Every structure is written in structure tokens, then in C-alpha cells.
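Visitor: Prediction below, plus the sequence it came from.
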2 protein chains.
Amino acid sequence: MSGGHVAKASTVYDVAAHSGVSIATVSRVLRRPGDVRASTRERVLASVRELGYVPSAAARGLAASRTGVLGLYFPSLDAMEELGDAEFLPAPGAPLVDLVVDMPDSGVVRPPNLYFDEVLRGSEFEAWRQGFALMVGVGRGTNPTDMVGDIAGRVDGMAILAQSVSAEVLEHVSRRIPVVLIAGPRRGDDFDHVSVGNTEGMQALTTHLIDGCAVTDFAYVAGPVDSPDDAERHAGFVAALHSRGLDPAQVPVHRGEFSRLRGRAVASTLLDGRRMPRAVVCANDQMALGVLDVLGAHGVSVPGDVIVTGFDGIEAGRQASPRLTTVRQPMVDLGRAAMRAILSRLENPDQAPISLRLPVKVLLRESSEGHL
Amino acid sequence: MSGGHVAKASTVYDVAAHSGVSIATVSRVLRRPGDVRASTRERVLASVRELGYVPSAAARGLAASRTGVLGLYFPSLDAMEELGDAEFLPAPGAPLVDLVVDMPDSGVVRPPNLYFDEVLRGSEFEAWRQGFALMVGVGRGTNPTDMVGDIAGRVDGMAILAQSVSAEVLEHVSRRIPVVLIAGPRRGDDFDHVSVGNTEGMQALTTHLIDGCAVTDFAYVAGPVDSPDDAERHAGFVAALHSRGLDPAQVPVHRGEFSRLRGRAVASTLLDGRRMPRAVVCANDQMALGVLDVLGAHGVSVPGDVIVTGFDGIEAGRQASPRLTTVRQPMVDLGRAAMRAILSRLENPDQAPISLRLPVKVLLRESSEGHL
DNA sequence: CTGAAAGCGCTTACAG
DNA sequence: CTGAAAGCGCTTACAG
């Protein structure tokens, strides 16, 4: 029989005794096999197999003062909020299947959260390529401090994707390991930082709407007031207007909070207004999709009557009807770049602070088409 | 100035010296604050802050013989395959924004991979709730053995989502830590195992098609031959037919490999055939969406002419037109249940093997509607 | 190529 | 409530 028998785990000592060598040799077989005579090596390896020996990363990490793990900290994931303390395990004997008629509007729209998922994927991939494991932590309201510190103690370096982490914590943690900040604003000049061309992307898109689609009459749908991404994007929007002699002060700004639902609310407000703008520029795709929802339901033609644009490049925007013109940011690469930055800092602790900005891509699609 | 200065990290010894206590007291302040006099505690905490002390999880793990980390191993993520060795960092001076016309068929469809993402989320959430950190590892062709072993050495227990991990590795690893298998078939009776009601869900759905929609004429679109999920679902399909006196041998089975593209190919084949079945039952949503793509393009009415169903409950199926009738499996709960199983095993090593099966939900939507 | 020994930074009984 | 000391399981010069 196999599995399930977690007895006392064996150690280097067990393996050494079993194969008649010293623990140093066992360690060498595992770390630098080339340094050990072939016959010895085989003997040790056989013992490893026989004893089911798995090296303790804790001991290894302590001895080598290097964990081989990179960390990634996220702020709370929206999608997580739904998860609560409610019991999710089925009651014993509960039916394994339930049949329901799923009406079009039933159920909550699951926030895609592609952003985090993709940054995570990129991070995991790059960490793996570089021979590191990845530890992920998600902050959940309570105390980012504890969580961040917890991860910091376990890794050789970490990336933090959150403006919610205080400067003190960043300072504290960075005294132990390299910390790289993902997205958000640069925090002081001392932290390594990777981000995307938020401003540049929005400026290019807006400029295209003005030059290519002859738009002069905008509405802007912004995200949360405390979002640095939102601020950067809005700055790009404003810059484009300025550069073309339009007055940003004339453009009404609505707060959409980055959510599809709020995007819908904003669209309803717009419809109630005295007249529609020629283009509704949204600070992210979710809100733009919400705007499309409402305009579509009210028979407003997009892009015929109103042009709508987003930002992020999520898959849902590509499947929307009309497909959403947007700015795609390289989320996977953001994660990869963050891991690279950590490694780079690890190798060369004294190099100048890294501030890497990744390029974005303006994707012109049907929600602004006919004006290319 | 702050950040970026990774000097020699301070240790308990530094904190002890700085606050004039023993290292034991420093440890207590951090572990069981209640056992230390308030004034002492404050003094130590002040030193901790001042020195930027972050406890080493490696040392703690070694001393306490418990890492406080739970592991999660995935087989290779499809979406990861795209990522290669290609340089992804922008060349210095490269433009931060690029403007392109994104045609409807341009670009690769990013596989949503919601399955893994959701299992990961559930795992992270539950681990966090229980006071553990989560380490993730993604197998990538090379050697799952190494990766699994690597994770195993770093955690107190781990969940494995992969039929690709050999019995030997499972056996080996499980001698050190508790291992719980996610989805797939039960592997021997000794491993803890969590899965979903694949068979039951497909059986219920198929039974509904027969009883509620009067379908007697099916086509079945299966996944890869080596997929245990696929096997279970097909078994449910067959069972439903049997229970209603229909002959499964009469039903043509097409291999769709779980992909949308292959689903399309299968639909084309069906269209070329002498006649369409009344219902096309697919072993997952992706394939069903592919079938919908082609039927829609050829003016075949769904569900009027042909009923199409899927399995998984991905978001894209809910946004399809017509919305896809499917069986939703609780992917987030699968992750949560796996973590719970590990913890349960950790607390009670001698309990009988866990085999938990999570309930699924048949979601009746428009792709089979009008026959409720 | 191999072994003896120190040391990594904590936790935890055991005394007091 | 606090301290001295052993020990967790490795790695790594240092000898040989």
C-alpha cells in the first residue's frame, strides 16, 4: 500500500547512516553531484529513494541563508470578498447534484480579476525559470503589515502590488530583503518599481479619438479617487486634450469605481442628461462594458452615436458587442518583470534603483471604428 | 530616505541585545505576547521596529518543525505554454505605446484557465483563514518530480492537481507530509482526495435532456482520452442513457480535446454528416462554445434545431449567445476543501483517508431551453 | 573525493 | 515572568 503514512520524516542523518557515508556527502550528492564519486552517489541516491527522503527547505534555507523562494503580495482580490465564513463543504449525505434554471440575470457576475491572475502567472513563470519557487499572499483588510512581514520572513525577495501597504512597512521589510513595487506610483526613489505606460496609453488613445475620429465632445468615466492607475490614465487623457487645444475642464468626469455596475449607473446618468457626448472614455474595461450594456439596452448605437473606450484589454472586452476599443497593458509581463527586478537586485544589491515602465498597446476595435 | 538598503538582516540576538533581554524573551514576545510582562514587551517591540527585525521563517520552521505553509501543485497551465524564452522586457528607449487596429480574428484566444485560477483562489483563501501561507508550483513538462519534491520540502502539507505525477513520487512525498489529491481519479485508497460530482452532474443533465426535452438522438463530444474528468462525465452520460432505455452504443462520440478549436472542428464534422442529432452534449464548456460558434455561423438554430450543452460553468458560457446550459463545478470550493483536508490530516494523522466529493449544479439556460 | 565540526536563527521545555 | 541551553536539519569551509 502507498501514501498517507506520514511517519517521522527521514533526515540527512538517516540517509547517511543508511548508505554508510557522512551527512556532508549526502548533502553534496544532492547539491553538487559532480563532486562525489559515482559509486558513492548511486548508493546515497538509493538510500534517498528507499527512505523517502525529502530535504527540509527550512534547514537548507537556514544553513545556506537563502530560501530559494520569491514572494508576491496582492491587496485583497475583489473576487475574494464573496468568500466568507459560510460553510462550503457539503453536509454528509447531501445530494451531489442540483438542477436549477439559471435565468439571464440570476447570479452575481464574477469579477474576472484577470489582472491579478495574470500578474500571478507571469510571476510564477519567471520565478520558475530562474529556479525559484513562488509564495503568494493576499491581503484581506485586516493587517497587510502582518501578511507582508510573514511573507518577507520566508522569501529572498518580494514584489508588492498594493498601495495599501504603508511606507513604514515597506521600509521595515526592505531592510531584510529586496522589495519591488508593482504598478501604482513610484514610492520615493529608493524602491525598485515596475509599471506600465498608463499615461502614455490613454494619451495615445485619446489623441486618436480626436485626430482620427474627430471627437471634440467627451465624457470621462474615472475609477476610484485613490487609484494611482486611474490618476495616471486621467493625466494622459488631459494631456491629449491639452495637446489638441481642447479644454479638459469642459469634460464631465463621472466616478465609475472601476466596476461594471457603476459603469452602468454612469451610463444611465449620461442618458438622462441633456445630450450625449460623442465619446465616453473609461478608465478601465469593466466600466466601459457597463456603459455598453446600458447604451445597447437603450438602442444607442456604438460607435455610430457614441464611441466608447476602455483600458486594460481584458478578454470580455474582446467578446463584447461591439468589441471594445481599449489599451492593453501587459499584465503577465508585469509579473515577470517584477521577479526579474528582484533577482537583479539580489545579484547586485548596490545597483541604482530600477524603475521599469512596460509599453502598452492601443487596440482599435469596433466600439470606436469607422473613424480610423 | 527609505527602502532599498538590504544590509545584514537583524536577528533575535540583535533584538535581545538592543532591548536587554534574552533571545527567549524576544521569541516569546513574538509568539505568545501574553506570557511577557507588558513593559518588557513594549521594550522588545520597540527594538523590533527600530532594527527592522523580521523573523526568519526558515529558522522558525526548523526549530518548530512546522513551516506554516501549505503547498499547491498544478500541472502545466495551458496559458503558460505561450510564454517562452522570448525577451519580454522593452528595449531601452522603446516607445511606451503602440497603436494597432485589432481585427476580430487577430490575436490568439487566451485560454481562460479559470479552472486553475479558481482552485488557486480557493486554496489561498482557505490557507489564509487557517493561518497558513500558500506556496504554488506549476509543473512544466520537464520533471514534475523535482518540482513536487521541491515544494514538499517547504510545506507542512500539499495538494496536487495532476494525474501527471507518478505514483512513486506521490508515495515518496507522502512519507514526509500529508498529500491530498485534487480531482482526477482516486489513486489507491490511501491518499486523501477531493473531487466533484462529474458523473452525477452529467447524468442529471442528460436525464433532463431526455425527460424534459424529449431528446433521444444524441452526439457526444468528449475530451482527451487520458482525462479522468472526461471519463467520469462520459460515464454519467452513459448511465443516463441506460436508465432511460436508450442505447449508448448508438451515440457517436467525437474527441474534442477540451478545446474550443477542436469543438468547432467537431461541429463542422457534424454538419457534414447526413443529419444533425437533436442534442450535442459536450464534456466541457470550451468545446460546447466551439460547437455554438460553428452552428451559429451556419444558421443552425440553438436550441430550436440542436440543443448544445457543456460542463464546467465558465463565465464565457454565460455570456455566449445563446447562453450555454452546463454543469457548474465548484472550483473555488475544490481548492478550499483541499486545504481543509490537509489541515485535517495534520491534526489527526491517523484518521481514515478522506474522500470528499463536492456537489455540482446543473444550470439550465437558453442553449437547451424551451424544453424545461 | 570524503569527513568532522561549526554555525545558520529560531523555539521550547526546564529551571528558577 | 525570564534566562540558559539544547536542538531543529541542513550547508560549507577546512582538513585530509
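Guide: Noted; the coordinates are in hand. Since the model is a prediction, treat every value here as computed from it, not as a measurement.

Visitor: Mind picking out the helix or strand in chain A with the poorest mean pLDDT?
Guide: Least confident element among the helices and strands of chain A, by mean pLDDT, DSSP states H and E: helix A:78-81 (a mean of 48).

Visitor: List of residues touching the helix or strand that it is followed by?
Guide: Later in the chain than helix A:78-81, the nearest helix or strand by DSSP states H and E is strand A:97-101. Under the criterion Cβ atoms under 8 Å, 6 or more residues apart in numbering or on different chains, residues B:197, B:200-201, B:203-205, B:208, B:327, B:359-364, B:372 lie in contact with strand A:97-101. The way it works is simple: take the backbone N, C-alpha and C, and place the C-beta from them, glycine included.

Visitor: What strands flank strand A:97-101, and is each parallel or antiparallel?
Guide: Strand pairing for strand A:97-101, determined by DSSP bridges: strand B:360-364 (parallel).

Visitor: pLDDT averaged over whichever helix or strand residue A:326 is part of - what is it?
Guide: Element membership for residue A:326 (DSSP H and E) is strand A:326-328. Across strand A:326-328, the average pLDDT comes to 94.

Visitor: gap between it and the chain center?
Guide: Mean C-alpha position of strand A:326-328 versus that of the full chain (Cα atoms, centre = their mean, to the nearest Å) differs by 16 Å.

Visitor: helices or strands up against it?
Guide: helix A:198-213, strand A:360-364 (3 or more Cβ pairs under 8 Å, 6 or more residues apart in numbering or on different chains; DSSP states H and E).

Visitor: near DNA strand D, which residues of the stretch 51-200 of chain A?
Guide: The stretch 51-200 of chain A has residues A:53, A:55, A:56, A:58, A:59, A:60, A:62, A:63, A:64 near DNA strand D, with proximity defined as Cβ under 7 Å from any atom of the strand.

Visitor: Would you mind writing the ChimeraX command to select the buried ones in these?
Guide: The buried subset of these, as determined by 16 or more other Cβ atoms under 10 Å in any protein chain shown, is captured in ChimeraX by this line:
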select /A:53,55,56,58,59,60,62
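
Visitor: out of the residues of the stretch 51-200 of chain A next to DNA strand D, which are inside helices?
Guide: A:58, A:59, A:60, A:62, A:63, A:64 (DSSP state H).

Visitor: which residues of the stretch 101-250 of chain A fall in helices?
Guide: Here the stretch 101-250 of chain A has its helices, by DSSP state H, counting those that start in this stretch, at A:114-129, A:144-152, A:167-174, A:198-213, A:228-243.

Visitor: looking at those helices, which has the lowest confidence?
Guide: Among the helices of the stretch 101-250 of chain A, helix A:144-152 scores lowest, with a mean of 81.

Visitor: May I see the buried residues of that one?
Guide: Buried residues in helix A:144-152 (16+ other Cβ under 10 Å): A:144, A:147, A:148, A:149, A:150, A:151, A:152.

Visitor: Serialize these to TSV and add fields for distance to residue A:16.
Guide: TSV is the format used below for those (distance: Cβ to Cβ, whole Å):
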residue	distance to residue A:16
A:144	44
A:147	39
A:148	39
A:149	36
A:150	34
A:151	34
A:152	34
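
Visitor: wait, residue A:202 sits on residue A:327?
Guide: Yes. If you go by Cβ atoms under 8 Å, residue A:202 and residue A:327 touch, sitting 6.5 Å apart.

Visitor: shared neighbours of the two, anything?
Guide: Joint contacts of residue A:202 and residue A:327 (Cβ under 8 Å, 6+ apart) are residue A:311.

Visitor: Residue A:115: what's its closest spatial neighbour, skipping adjacent residues?
Guide: Leaving aside its sequence neighbours, residue A:115 sits nearest to residue A:331 (Cβ to Cβ, 6 or more residues apart in numbering or on different chains; 5.7 Å).

Visitor: Return the residues in contact with the one you found.
Guide: A:114, A:115, A:118, A:119, A:122.

Visitor: Name the nearest of these relative to chain B.
Guide: residue A:122 (7.6 Å; Cβ to the nearest Cβ).

Visitor: Please tell me I have it right and the closest one contacts residue A:336.
Guide: Yes. Proximity of residue A:122 to residue A:336 meets the contact threshold set by Cβ under 8 Å, at 4.2 Å.

Visitor: and residue A:165, how far is that from DNA strand C?
Guide: Using Cβ to the nearest atom of the strand, to the nearest Å, we find residue A:165 at a distance of 21 Å from DNA strand C.

Visitor: The residue lying closest to residue A:298 once chain neighbours are set aside: neighbour count?
Guide: Of all residues not flanking residue A:298 in the chain, residue A:271 sits nearest, at 5.9 Å (Cβ to Cβ, 6+ apart). The number of residues packed near residue A:271 is 14, by other Cβ atoms under 10 Å in any protein chain shown.

Visitor: Same question for residue A:261.
Guide: 14.

Visitor: in what helix or strand does it lie?
Guide: Going by DSSP H and E, residue A:261 is in helix A:260-272.

Visitor: Any idea which of the helices of the stretch 101-250 of chain A gets closest to DNA strand C?
Guide: With Cβ to the nearest atom of the strand as the criterion, DNA strand C lies closest to helix A:144-152 of these, at 11.3 Å.

Visitor: and that closest one with helix A:167-174, angle?
Guide: 10 degrees (axes from the mean of the first three to the mean of the last three Cα atoms, to 10 degrees).

Visitor: Let me see the residues that make contact with helix A:144-152.
Guide: A:71, A:73, A:75, A:135, A:137-140, A:158, A:160, A:162, A:164-166, A:169, A:172-173, A:176-177, B:54, B:57, B:133.

Visitor: Just want the residue of the stretch 101-250 of chain A that's nearest DNA strand D.
Guide: Proximity of the stretch 101-250 of chain A to DNA strand D (Cβ to the nearest atom of the strand) peaks at residue A:156, 13.1 Å away.

Visitor: Could you list the contact residues of chain A toward DNA strand C?
Guide: A:20-25, A:28, A:34-37, A:39-41, A:59, A:62-63, A:65.

Visitor: Just give me the residue right at the centre of chain A.
Guide: Nearest to the mean C-alpha position of chain A, by Cα atoms, centre = their mean, lies residue A:116 at 2.8 Å.

Visitor: That residue and residue B:42, how far apart?
Guide: 38 Å (Cβ to Cβ, to the nearest Å).

Visitor: Same check on residue A:220?
Guide: Distance, residue A:220 to residue B:42, using Cβ to Cβ: 50 Å.

Visitor: quick one: which of those two has more around it?
Guide: Counted by other Cβ under 10 Å, residue A:220 and residue B:42 do not tie: residue A:220 has more neighbours, with 24 against 13.

Visitor: Spit out the contact partners of the more buried one.
Guide: A:234, A:237, A:251, A:252, A:253, A:254, A:280, A:281, A:282, A:283.

Visitor: which one is it nearest to, not counting chain neighbours?
Guide: Using Cβ to Cβ, 6+ apart and skipping the chain neighbours, the partner closest in space to residue A:220 is residue A:253 (4.8 Å).
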